[in-house]
Every structure is written in C-alpha cells, then in structure tokens.
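Asks: Predicted coordinates and the sequence they were generated for:
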Amino acid sequence: MPARGDFRVSVTKDYLVFASAHFITFAGHRCEGLHGHNYRARVTVEGALNQESWFVFDFVELKKIMKRLCDDIDHLVLLPLRSDRIQVTEDSETVSVSVDGRPRYLFPRRDCALLPIPNTTVEMLARLLTTRLRAELEAGGATALTAIEMEVEENFGQTAVYRETLR
Ligand SMILES: [Zn+2]
C-alpha cells in the first residue's frame, strides 16, 4: 500500500520583487515618514496531485501570475484606501494624502497604487496578494488547490506570512 501524504509547491524568484514606497500608521498617533523597500514575495500552494501531470500546480503558470501581481505594484507609492487615519483622494492627475486630517503628500496619479487595505503593512500586502492570486487561480480553473501561503519580505529576515485555506 502506498504511503499517504500531502504536497506543496513554492516559488520565490529574483523577479518576484517590487520596489515600492510606503508609510504605515501605528496605534496612537504615530505615523512613519515615506520610505521604500525592496519587497520580495514567496508563495506556496497546496493541493491534490493532478493525476495526469503528477504535479500540484504548474510552476510556469504560478510564476507568471506572481510576476504580474508584483509588477502591478512595482515602482509605485503604495497607499491604503481603508485606513481610518490616512485619507486618500484622487482626481485624474493627482492623489492627495492626509494623515489625521492634515495634508501630507501630493503624488502624480500614475505613480500610486491605491490598495483596498487598512494599512500597508507586510501582513496586509501578503493578504492582498493572496486575494489577487486566488482570483487568478479560480478564473483559470485551478480547483484542486486547498491552501495558499503568501510570504512577503520587506527587509532581510523581516517577513510576514499569510495563509488562506481554500475549502
Ligand atoms: Zn516600511
């Protein structure tokens, strides 16, 4: 009788990076100044073996999707749209950012990524990338996957991991 076990596959590549600017708010009134990181993503998917190909998921496809998701927010200012303290308003040309009601920054619209998250922490970025990856996988018919684990590193040895069970 064959041994039973589960499989997971991971990708992390030199090109699964995004060099982006951000600032976060902390509890109380603290708020960082604008700065940047060379973020790096690593993703793991779990699921049943495809009985024709004997893999969990095609690496080529997974890398392609992840590259696109990283490119979408590369070289941009990452701004949270669901913050209680950071107000982001946009018109066709510019994005205005206030913190606690005080004007703080004005950016060209094309240089900003407006994200549906409450704070641009690595935790929230990991969850956002998971949500976006999941949508792409579901659209592509990848129904045999059982979990996605997304790791985002913002500095050497400083990472957050988000894990989402798919069913
Ligand atoms: Zn930072």
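Replies: Nice, thanks for sending it over.

Asks: Every contact and neighbour count from this point should use C-alpha atoms.
Replies: Will do.

Asks: For this protein, which segments count as strands?
Replies: Listed in chain order, the strands of the chain (DSSP state E) span 7-11, 17-22, 35-47, 77-80, 86-90, 94-99, 102-108, 112-115, 145-155, 158-165.

Asks: Give the bridge partners for Val11, please.
Replies: Val43 (DSSP bridges).

Asks: contact partners of the longest helix along the chain?
Replies: As assigned by DSSP state H, the longest helix anywhere in the chain is helix 122-139. Contact partners of helix 122-139, identified using CA atoms under 8 Å, 6 or more residues apart in numbering, comprise 65-66, 69, 116-118, 143, 148-154, 159-162, 164.

Asks: Pull up the per-residue confidence for the residue most central in space within the chain.
Replies: Closest to where the C-alpha atoms of the chain average out (CA atoms, centre = their mean) is Leu129, at 3.0 Å. We note a pLDDT of 98 for Leu129 in this prediction.

Asks: That one and Val97: what is the separation?
Replies: Note on Leu129: its distance to Val97, by CA to CA, to the nearest Å, is 23 Å.

Asks: likewise Arg127?
Replies: Taking CA to CA, one finds Arg127 at 23 Å from Val97.

Asks: How about His22?
Replies: 12 Å.

Asks: got a list of what the closest residue to Phe59 other than its chain neighbours touches?
Replies: Spatial nearest neighbour of Phe59, excluding adjacent residues (CA to CA, 6 or more residues apart in numbering): Val11 at 7.5 Å. Contact partners of Val11, counting by CA under 8 Å, 6+ apart, are 42-44, 59, 62-63.

Asks: now the angle from the longest helix of the chain to strand 158-165?
Replies: 40 degrees (axes from the mean of the first three to the mean of the last three CA atoms, to 10 degrees).

Asks: Using CSV, write down the CA coordinates of helix 122-139.
Replies: Presented in CSV, the C-alpha positions along helix 122-139 are these (Å, rounded to 0.1, in the frame of the first residue of the first chain):
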residue,chain,number,x,y,z
VAL,A,122,3.6,43.4,5.0
GLU,A,123,0.8,41.4,6.6
MET,A,124,-1.8,43.3,4.6
LEU,A,125,0.2,43.2,1.5
ALA,A,126,0.5,39.4,1.9
ARG,A,127,-3.2,39.1,2.2
LEU,A,128,-3.9,41.3,-0.7
LEU,A,129,-1.5,39.3,-3.0
THR,A,130,-3.3,36.2,-1.8
THR,A,131,-6.7,37.6,-2.7
ARG,A,132,-5.4,38.6,-6.1
LEU,A,133,-3.7,35.3,-6.7
ARG,A,134,-6.7,33.4,-5.6
ALA,A,135,-8.9,35.3,-8.1
GLU,A,136,-6.5,34.5,-10.9
LEU,A,137,-6.3,30.8,-10.0
GLU,A,138,-10.1,30.5,-9.7
ALA,A,139,-10.5,32.2,-13.1
